[in-house]
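> My questions concern the predicted model and sequence given below.
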Amino acid sequence: MSHLWINGQNCNATDGALYDIHSPANGRVIGQAAAASVADIEKAIASAEAAFVIWSNKTAYERETIMRGATAQVRTQAEEIGRLMALEQGKPWSQATGEVHGACDMIDYYASEAPRIEGTLPPTEKSSFRSWVTHHPVGVCAGITPWNYPAAMGTRKIAPALAFGNAVIWKPANLTPASAVELTKIIAKQDIPPGLFNLVMGSGGSIGQALVESPGVDAISFTGSVPVGKGIAASAIGNLTKLQMEMGSKNALAVMEDADLDLAVTVALGGAFGGSGQKCTASSRLVVHADVNDEFTGRLVAGAKAMKVGHALAEGTQIGPVVSAGQLQANLDNIALGASEGATLLCGGERVDQPTEGYYMSPAVFADTTNDMQINREELFAPATSVIKVSGYEEALSVVNDTNFGLTSGIVTRDLARATHFRQNARTGCVMVNLPTAGTDYHVPFGGRGDSSYGPREQGSYAAEFYTTVKTAYVAAGSPK
Ligand code: NDP
């Protein structure tokens, strides 16, 4: 049973509401979670407001020490939390455990950042006064996260928020509450004021909406789909709430005629099918030079067919089940859509039978696609990718940039000048050279352009822009210090 965590306490929803947690590996109910009501959200906000006053007055060293205590404990339970995540989300256990360790790295990184926040003492126009520019916490921060990286997406918001002195209300995706609850139990039991860290599960459309409409929330960091993000932005603007949003994408990997094809195939397989393709950074468009198109595509298909689809806990699984029955159906519908648009399905795109009756799908490769097809315009969030054949580098770059999104892009080439040109001219927030489009370090900024992102960047020292507010003080010379 997964409980809410409000005002320092593990609790049921006020009205006692529960919902079932299903495993994508077999479709069965594997637990229940409390479904918060709007009254619970109000309690969480009130307790966070009170706790903020205490936490924001702690020294940065105190916050750092407390955060490090949390990670030390999470690491000892990484396998156990990873197992829960694998069961509720479907990703292979080893990857889920790796994600939990990555979440710890993120918290440790921001623990170190807490005392690094600095102000400035700029020169002044007149000698009769001095001025100081200092950073201050924002207040109550809501973190709203998706199901694909339950631990990573949560800690990407929780860690900088706490480090810079804010209170947190975490609303994880309804599909993946259990791993969030385990992380919360550890974080919320540290020596922090009650209400500093709250966890509320429940329907995004109901309690998530109540959270984003509340004037008690000072900042909202959202990761999820574009339509939900746009709705949240429209709701939050009524209170002029600070916003940070990371959303979907339609990332392209360009494979040039001079590419090392072994590398290109490895990079494309990892980028397209890692995480069952359920990544905002997935390589869902492969823009391939005509000279190597046939060879690259042939090797890609062979690689995709060799990937092992299976249960998240089974040894050797590379592609786990997709997250839900609804996601599987949407994926199969998109495969049919591609065929109806004239794309050739070279492999995969089918439901796979496994010993347990879960939501398994074979990795799909489409050929003969053009960039204006719907399958190449909209995010599929599936183990599926499209090959788009181009005649040269200029055309490749133009196809890569022809999208409403702009999170990541990549190129595989041996030509330094071309790689440099691509790095400078790809209209995405992240650019990869001879690497998969997926993958990110926690100490550098992460985010995109267009429909992919809105507001200040996440990660690295850039996160301070969102989780702090700047104050400029003018003080007359000779005033008491
Ligand atoms: P959704 O947009 O459906 O949901 C994201 C979160 O928002 C969930 O917690 C959801 O709750 C909540 N939510 C839904 N409606 C509202 C609302 N009206 N008010 C407040 N909260 C709401 O995304 P998914 O969970 O399906 O995740 C997949 C998406 O996330 C993809 O588009 C993917 O690209 C994107 N993503 C982007 C990343 C990035 O960094 N750019 C990283 C990872 C994923 P509930 O679960 O209850 O519906």
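Perfect, I can see it now.
> pretty sure residue 60 is touching residue 115, no?
Yes. If you go by Cβ atoms under 8 Å, residue 60 and residue 115 touch, sitting 4.0 Å apart. C-beta: built from backbone N, CA, C; applies to glycine.
> what's the following helix or strand after the helix or strand hosting residue 287?
Following DSSP states H and E, one finds residue 287 within strand 283-289. Downstream of strand 283-289, the next assigned helix or strand under DSSP H and E is helix 290-306.
> helices or strands up against that next one?
Helix 290-306 sits against helix 261-273, strand 283-289, strand 344-347, strand 364-367, strand 384-390, with contacts defined as 3 or more Cβ pairs under 8 Å, 6 or more residues apart in numbering; DSSP states H and E.
> Please name whichever of those is nearest to the ligand.
strand 283-289 (10.3 Å; Cβ to the nearest ligand atom).
> Does the ligand have contacts with the closest one?
No. Using Cβ under 6 Å from any ligand atom, we find that strand 283-289 stays clear of the ligand, coming within 10.3 Å at best.
> right, quick check: stretch 375-386 against the ligand, any contact?
Yes. Looking at stretch 375-386 against the ligand by Cβ under 6 Å from any ligand atom, the contacts come from 379, 381.
> ok, and for that stretch, which residues are buried?
By 16 or more other Cβ atoms under 10 Å, the buried positions in stretch 375-386 come out as 375, 376, 378, 379, 380, 381, 382, 383, 384, 385, 386.
> Equivalent analysis for stretch 196-216, please.
Within stretch 196-216, the residues that qualify as buried are 196-202, 204, 207-214, 216, counting by 16+ other Cβ under 10 Å.
> And stretch 431-451, by the same measure?
431-432, 435-438, 440, 442, 445-451.
> same check, this time on stretch 264-276
By 16+ other Cβ under 10 Å, the buried positions in stretch 264-276 come out as 264, 265, 267, 268, 269, 270, 271, 272, 273, 274, 275, 276.
> With pLDDT added, can I get these in a markdown table?
Below are these laid out as a markdown table (pLDDT from 0 to 100):
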| residue | pLDDT |
| --- | --- |
| 264 | 98 |
| 265 | 98 |
| 267 | 98 |
| 268 | 98 |
| 269 | 98 |
| 270 | 96 |
| 271 | 97 |
| 272 | 97 |
| 273 | 97 |
| 274 | 94 |
| 275 | 94 |
| 276 | 95 |
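> Can you tell me the closest non-neighbouring residue to residue 449?
Nearest residue to residue 449, sequence neighbours excluded (Cβ to Cβ, 6 or more residues apart in numbering): residue 406, at 3.2 Å.
> roughly how far apart are that neighbour and residue 373?
Using Cβ to Cβ, to the nearest Å, one obtains 19 Å as the distance from residue 406 to residue 373.
> Name the residue in those two with the higher neighbour count.
Neighbours per residue (other Cβ atoms under 10 Å) separate residue 406 from residue 373, with residue 406 holding more: 23 against 19.
> Let me know the helix or strand that the residue of the stretch 1-150 of the chain at minimum distance from the ligand is in.
Closest residue of the stretch 1-150 of the chain to the ligand, Cβ to the nearest ligand atom: residue 146 (3.0 Å). Using DSSP H and E, no element contains residue 146; it sits outside every helix and strand.
> residue contacts, it?
If you count contacts by Cβ atoms under 8 Å, 6 or more residues apart in numbering, residue 146 has them with 153, 173, 223, 224, 225.
> The same query, at a cut-off of 7 Å, please.
153, 173, 223, 224 (Cβ atoms under 7 Å, 6 or more residues apart in numbering).
> The second one in helix, strand or coil?
The reference is to residue 173. For residue 173, the assignment made with DSSP: H, G, I helix; E, B strand; the rest coil gives coil.
> Close to the ligand: what parts of the stretch 351-481 of the chain are there?
Checking the stretch 351-481 of the chain against the ligand by Cβ under 6 Å from any ligand atom, the hits are 379, 381, 407, 452.
> what bits of the protein have low per-residue confidence?
Screening the chain residue by residue with the criterion pLDDT under 70, one finds the ranges 481.
> Near the ligand, which residues of it are found?
Residues of the chain lying near the ligand by Cβ under 6 Å from any ligand atom: 144-149, 153, 171, 173-175, 203-205, 208-209, 212, 223-225, 228, 231-232, 246-248, 280, 379, 381, 407, 452.
> Can you select the buried ones from these in PyMOL?
Burial among the residues of the chain next to the ligand is assessed by 16+ other Cβ under 10 Å; the matching PyMOL selection reads:
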select buried, resi 144+145+146+147+148+149+153+171+173+174+175+204+208+209+212+223+224+228+231+232+246+247+248+280+379+381+407+452
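> List the contacts of residue 373.
Taking Cβ under 7 Å, 6+ apart, one finds 341, 343 in contact with residue 373.
> cool, and residue 277?
Taking Cβ under 7 Å, 6+ apart, we find residue 277 in contact with 381, 382, 383, 384.
> Pretty sure the first one sits in a helix.
This points to residue 381. No. When classified by three-state DSSP, residue 381 is found to be coil rather than part of a helix.
> Surely it is in contact with residue 278?
Yes. Residue 381 is within contact range of residue 278, at 5.3 Å (criterion: Cβ atoms under 7 Å).
> And the strands in the stretch 101-250 of the chain, which stretches?
For the stretch 101-250 of the chain, applying DSSP state E, counting those that start in this stretch gives strands covering 129-137, 140-144, 167-171, 197-199, 219-223, 242-246.
> Pick out whichever of the contacts of residue 277 sits closest to the ligand.
The ligand has its nearest neighbour among these in residue 381, at 5.5 Å by Cβ to the nearest ligand atom.
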